[in-house]
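>>> Build me a structure from this.
(2 chains)
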Amino acid sequence: MTQDVLELVRRARQQDADAFAALIGQYERSALAVAYAQLHDAHRAGDAVQEAFLKAWQELPRLEDVARFGGWLMQIVRNAAIDLRRRVKPTSTVFPELVGKGADPASATEANDTASRVQAALATLDETTRTAVAMRYYDGLSAKEIAEHLEMSPAAVDMRLSRARGQLKGILAPLVEDVPAPLPLRRKALGETR
Amino acid sequence: MTLIPQQPPDEFGPVEHLISDQLVATLEPQRGKALAAFRQHVAAQKAGESEGSGPAPIPISRGARGTGRSFGRREIPRNALWYWAGVPSLVAAGLAVVVTLQLTAPQKRVTPTDGSAMASGKVTRMEEISRDVPGEVTVLADGTPVREIHRQTTRQTQWEDARDHATYSVTEQPVDTVNYVQVQPF
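Predicted coordinates:
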């Protein structure tokens, strides 16, 4: 956690709404990843995150160790998602965002199919690994940052991510066989200046 | 010597790209909901603070009728409050007493043997209903096989009381009589 974020947390503890709004921007993707790993439903994940941030705002003055903010917040998000799962039944399991209103029906069906298969593949992972995968591939967090949020060691996160990659490749490889691999980054030395 | 941390291998292969694309497409539209809800919450909190802490109590003012204060503003004169709370309560209590008395009052049992009632009224209908119910097959002492036939008879009498012109109906306890019918052996 950077000093800037720590400062935001300290200010938010004093009920500084602007500081907390900045923290929402900072942690929203990770929170969505945590909630989605629990709920498998984007809309409900959004609702859970919304509830969780409001609860965090109310509970923040009681947080003693500000350096633990990330893990503390993710635990609130997880609890909110579990609570929502108990209270509300899922409404949709597909990814409606992928289907535009003017989209070609064939491509829309294919997109939904791909989305469903990715979701099913993610569902084969255990909850912690799924959360780590979502944080890594949605929020782009490093293993160290994921470890802070999940209150684990970076090595344990690395191990989980590595296993998950192998498992997901085994399931999803047929989907990407036709897709060309991204081009490798090319670095060109332009000489040195002294 | 400077130790250069080993860079992790590029883990964004096609599968990882696929997962990333799907997660972004799925979750990105949900961004902004939390911030909007938080802003709304804070605005509501501030509005509540400016109006005073906690919900406003209902003012009960001791005042004369016709001061122009409306019920819509919840400024209820004490006299009116007593009236609107007290009168319906009294009416409800009165009704409850009447209904209770009606239900618990001992009812006069009138039977056909009640001579006074029968004598003062006239019987409008009397009917007897019976049915035969076959029973078991038994053997009499002389060796004759017979089947029991139970005849169940019920009598109902209806009459009108001349005093109050009410119609009463009494059903007597069913009477069971057993007859025997000879059964032809093979």
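>>> how about the nearest residue to the residue in chain B positioned nearest to chain A, chain neighbours excluded?
Nearest residue of chain B to chain A (C-beta to the nearest C-beta) works out as B:Q30 at 3.3 Å. (Glycine included, C-beta is placed from N, CA and C.) Leaving aside its chain neighbours, B:Q30 sits nearest to A:G46 (3.3 Å; criterion: C-beta to C-beta, 6 or more residues apart in numbering or on different chains).
>>> who's in contact with that neighbour?
With contact taken as C-beta atoms under 8 Å, 6 or more residues apart in numbering or on different chains, A:G46 is in contact with A:L32, A:A35, B:Q30, B:K33, B:A34.
>>> How about the closest residue to B:E172 other than its chain neighbours: which residues does it bridge to?
Among residues not flanking B:E172 along the chain, B:R155 sits closest, at 4.7 Å (C-beta to C-beta, 6+ apart). On the basis of DSSP bridges, B:R155 is bridged to B:E128.
>>> from what I can see B:R155 touches B:R125, true?
No - using C-beta atoms under 8 Å, B:R155 and B:R125 do not qualify as a contacting pair, with a distance of 11.3 Å.
>>> picking up where we left off before, in the contacts of A:G46, find the pair that's most separated.
Farthest pair in these (C-beta to C-beta) is A:A35 and B:K33. Separation: 11.2 Å.
>>> how about B:D132, secondary structure?
strand (DSSP: H, G, I helix; E, B strand; the rest coil).
>>> Bridged to it, which residues?
For B:D132, the beta-bridge partners are B:R151 (DSSP bridges).
>>> ok, it - contacts?
B:I149, B:H150, B:R151.
>>> ok, the first one to B:G135 distance?
To tie it back to what came earlier, the one meant is B:I149. Per C-beta to C-beta, to the nearest Å, B:I149 is found 7 Å from B:G135.
>>> The second one now?
Between B:H150 and B:G135 the distance is 5 Å, computed by C-beta to C-beta.
>>> Same question for the last one.
B:R151 sits 11 Å away from B:G135, taking C-beta to C-beta as the criterion.
>>> Need the phi and psi values for B:S169.
Here is the backbone geometry of B:S169 (degrees, to the nearest 10): phi -140, psi 130.
>>> my read: it touches B:R155, true?
No - with contacts counted by C-beta under 8 Å, B:S169 stays clear of B:R155, the gap being 11.4 Å.
>>> Neighbour count for the two, which is higher?
When B:S169 and B:R155 are compared for neighbours, B:R155 comes out ahead with 16 against 11, by other C-beta atoms under 10 Å in any protein chain shown.
>>> Can you name the residues that contact that one?
B:R155 is in contact with B:M126, B:E127, B:E128, B:I129, B:T171, B:E172, counting by C-beta under 8 Å, 6+ apart.
>>> if I look at the third one, how far off is B:V42?
Distance of B:E128 to B:V42, given as C-beta to C-beta: 85 Å.
>>> and what of the first one?
Taking C-beta to C-beta as the measure, B:M126 falls 85 Å from B:V42.
>>> again, but for the second one
Here B:E127 is placed at a distance of 82 Å from B:V42 (C-beta to C-beta).
>>> Name the residue in the two with the higher neighbour count.
Per other C-beta under 10 Å, whichever of B:E127 and B:V42 has more neighbours is B:V42, with 17 against 9.
>>> element containing that one, please.
According to DSSP states H and E, B:V42 maps onto helix B:33-50.
>>> Model confidence score at the closest residue to chain B within chain A, please.
Taking C-beta to the nearest C-beta, chain B has its nearest neighbour within chain A at A:G46, 3.3 Å off. You'll see A:G46 listed with a pLDDT of 93.
>>> Same check on A:E7?
90.
>>> show me what contacts it?
Contact partners of A:E7, counting by C-beta under 8 Å, 6+ apart, are A:A19.
>>> So in chain B, where's the weakest helix or strand by average pLDDT?
In chain B, the helix or strand scored least confidently by mean pLDDT, DSSP states H and E is strand B:60-61, which has a mean of 42.
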